[in-house]
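*Asks:* Curious how this folds, go ahead:
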Amino acid sequence: MRAAFIGLGVMGYPMAGHLARAGHQLAVFNRTPAKAERWAAEYGGRTAPSIADAVKGCELVALCVGRDDDVRQVMAEAAPSLEPGAVVVDHTTASARLAREEAEAAAARGCWFLDAPVSGGQAGAENGQLSIMVGGDPAALERVRPAIGVYAKAIQHMGGPGTGQLTKMANQVCIAGVVQGLAEAVHFCARAGLDPALVCQAISKGAAQSWQMDNRWATMAEGRFDFGFAVDWMRKDLGLVLDEARSNGARLEVTALVDQFYAEVQAMGGRRWDTSSLAARLQR
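*Replies:* Predicted coordinates:
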């Protein structure tokens, strides 16, 4: 497909790379031009001087930026150049409200906007093993599924505009609770004089097993947190979750508590630490 990718952060950079390696005619744009140039040198795609230039003539426009306002800015700059029938796939974790607004605005221009946040982290993006949860027009998703499938192990259509983002919120609720439970378990092991490696061997094949245990238990026990999904971004995501809960009446007591624990980690200087740094709050 003729495609554009906007936003070459730790997730977008490899995702765009998969599109280029799959043979799609790709133009990329990043607010830091040097990163776009480095990407083009590695993957051979075209760098665009502006968002409007990047999306011109494209059937698929994918973006992976930071926050709601970033998505709004990208869409405002892209709108005059979007081709009728183009499908915009937003991989940003953002609000459901934004997704509905942008889907309505895109439809008025004869285009489609899919909210398609991802789960799987940097490793999932690099290995093409992301899970993508999609809200929006199902026919539009089927048009672009083969393209975005190059960086996904699973793509699930969830319903109308905004449902992809709501699903990602549920994902973050689950992660927050699991990571806090692991942090407390690692802390308990230290206080009880248990070898955390042996404990993990003993419990990781039973009911306690999780992706977080498999990938974060050892580094939590070692006190290593300088990698992974940053606390700042997790707090942004949990803020979206708690805002939505205030609107729909969901009771998220544990999630709200873990959000405050992350605030303590930020105050400790851990803004860029991995989300597993909840353990650092107990180890200090």
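*Asks:* Can you give me the neighbour number for residue 77?
*Replies:* Under the neighbour criterion other Cβ atoms under 10 Å, residue 77 is assigned a count of 17. For the C-beta atoms, the positions are set from N, CA and C on the backbone; glycine is no exception.
*Asks:* Shouldn't it be within a helix?
*Replies:* Yes: with DSSP: H, G, I helix; E, B strand; the rest coil as the criterion, residue 77 is part of a helix.
*Asks:* Residue numbering should commence at 311 henceforth.
*Replies:* Yep, numbering from 311; the last one is residue 387 now.
*Asks:* close enough to count as contact, it and residue 361?
*Replies:* Yes: look at residue 387 against residue 361 with Cβ atoms under 8 Å: they come within range, at 4.1 Å.
*Asks:* Domain-wise, how is this protein divided?
*Replies:* For the chain, whose domains are defined here by automatic domain parsing, the residue ranges read 312-469, 476-593.
*Asks:* now the longest one, how far from the chain's geometric center?
*Replies:* Between the centre of domain 312-469 and the centre of its host chain there is 12 Å, according to Cα atoms, centre = their mean, to the nearest Å.
*Asks:* taking the mean pLDDT, what do you get for the lengthiest strand in the chain?
*Replies:* Looking only at the chain and at elements set by DSSP state E, the strand with the highest residue count is strand 462-469. pLDDT averaged over strand 462-469 equals 98, rounded to a whole number.
*Asks:* Same question for stretch 369-386.
*Replies:* For stretch 369-386, the mean pLDDT works out to 98.
*Asks:* From the opening residue of it to its closing one, how far?
*Replies:* Counting by Cα to Cα, to the nearest Å, the length from the leading to the trailing residue of stretch 369-386 is 18 Å.
*Asks:* buried residues in that stretch?
*Replies:* Within stretch 369-386, the residues scored as buried using 16 or more other Cβ atoms under 10 Å are 369-375, 377-378, 380-382, 384-385.
*Asks:* Backbone dihedrals for residue 517, please?
*Replies:* According to degrees, to the nearest 10, the main-chain angles of residue 517 amount to phi -70, psi -20.
*Asks:* burial of residue 501, as a residue count?
*Replies:* A count of nearby residues for residue 501, using other Cβ under 10 Å, gives 8.
*Asks:* right, and the helix or strand after the helix or strand containing it?
*Replies:* Secondary structure assignment for residue 501, by DSSP states H and E: helix 473-502. Once the chain leaves helix 473-502, the next helix or strand it forms, by DSSP H and E, is helix 506-513.
*Asks:* CA atoms only: put that next one into CSV for me.
*Replies:* Written as CSV, here are the backbone C-alpha positions of helix 506-513 (Å, rounded to 0.1, in the frame of the first residue of the first chain):
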residue,chain,number,x,y,z
PRO,A,506,13.4,-14.9,44.8
ALA,A,507,14.8,-17.0,41.9
LEU,A,508,13.7,-20.2,43.6
VAL,A,509,10.3,-18.7,44.5
CYS,A,510,9.8,-17.8,40.8
GLN,A,511,10.7,-21.3,39.8
ALA,A,512,8.2,-22.7,42.3
ILE,A,513,5.2,-20.5,41.4
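*Asks:* Return the list of helices and strands in contact with it.
*Replies:* The contact analysis (3 or more Cβ pairs under 8 Å, 6 or more residues apart in numbering; DSSP states H and E) places helix 506-513 against helix 473-502, helix 521-532.
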